[in-house]
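Asker: turn this into a model:
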Amino acid sequence: NFEDDNSFWSYDKNYILSDSADNFNHYYLIDSTIEWGPGFTANLSDLINNRHQFADVSLRIKIPDNNANGMLVFTLSRNNKNIHWKASEIIEFINTENTDDWQYVYLSNRLTSIFKSRNEIGNIELKVFFWNRNKSRILLDDFIIQFRKGNSKVYGLFEDL
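Answerer: Got it, this is the predicted structure:
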């Protein structure tokens, strides 16, 4: 998704490269000088309308360095105070025997596990980013954040549907 500009995303455009076989595919290069990769920041209430949803994050990576390890990170904060932090280590998802291929990393959050009432989703800042903990060479592409509908009827005894 490094082909289009989007106001929610922040990253250094100098690290965007294009695939030599496909000039329409752009990816992001993280090297040993970069600890924090591309990031997404938005007000959660601009993205969802209730707490009965799941936030799913996926990222396609290629790791030329077998020792590479980073994290796909999801945070929620209110008034600059962290209320939720979750991460997926890429080492849990990748096949280190096959570093020549693109591979996927996933992270999912059930928002009803975080917010106990619908009023709590107001004034929440969502951040999703890549943390290059080992400062290794890693290629990133197709960084996607999606929300899917949950089952609000499960909580019908405790709140209005």
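
Asker: sec struct for residue 127, please.
Answerer: Secondary structure, DSSP: H, G, I helix; E, B strand; the rest coil: residue 127 is strand.

Asker: next SSE downstream of the one helix or strand in the chain whose mean pLDDT sits lowest?
Answerer: Using mean pLDDT, DSSP states H and E, the weakest-scoring helix or strand in the chain turns out to be strand 22-30, at a mean of 77. Downstream of strand 22-30, the first helix or strand assigned by DSSP states H and E is strand 36-43.

Asker: okay, now the sheet partners of that following strand, with direction.
Answerer: strand 9-10 (antiparallel), strand 125-131 (antiparallel) (DSSP bridges).

Asker: residues making contact with whichever helix or strand comes after the last one?
Answerer: Taking DSSP H and E as the definition, the helix or strand that follows strand 125-131 towards the C-terminus is strand 138-149. Contacts made with strand 138-149 from outside it, assessed by CB atoms under 8 Å, 6 or more residues apart in numbering, are listed as 1-2, 9, 25-30, 37-38, 40, 47-48, 52-65, 68, 70, 90, 102, 128, 130, 132. From N, CA and C alone the C-beta is placed, and that goes for glycine too.

Asker: buried among the residues you listed? Need that as a selection in ChimeraX.
Answerer: Of those, the buried ones can be selected in ChimeraX as follows, counting by 16 or more other CB atoms under 10 Å:
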select :1,2,9,26,27,28,29,30,37,38,40,47,48,52,53,54,55,57,58,59,60,61,62,63,68,70,90,128,130,132
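
Asker: ok, now which ones touch the residue lying closest to residue 132 once chain neighbours are set aside?
Answerer: Spatial nearest neighbour of residue 132, excluding adjacent residues (CB to CB, 6 or more residues apart in numbering): residue 70 at 4.6 Å. Residue 70 makes contact with 30, 37, 89, 90, 130, 131, 132, 133, 134, 136, 138, according to CB under 8 Å, 6+ apart.

Asker: one more time with 6 Å, if that's ok
Answerer: Going by CB atoms under 6 Å, 6 or more residues apart in numbering, residue 70 touches 90, 130, 131, 132, 133.

Asker: same check on residue 60?
Answerer: Neighbours of residue 60 in contact, by CB under 6 Å, 6+ apart: 102, 104, 141, 142.

Asker: reformat the contacts of residue 70 as TSV; add distance to residue 18 and pLDDT.
Answerer: Output for the contacts of residue 70, formatted as TSV (distance: CB to CB, whole Å; pLDDT from 0 to 100):
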residue	distance to residue 18	pLDDT
90	23	91
130	19	96
131	25	96
132	21	94
133	27	92
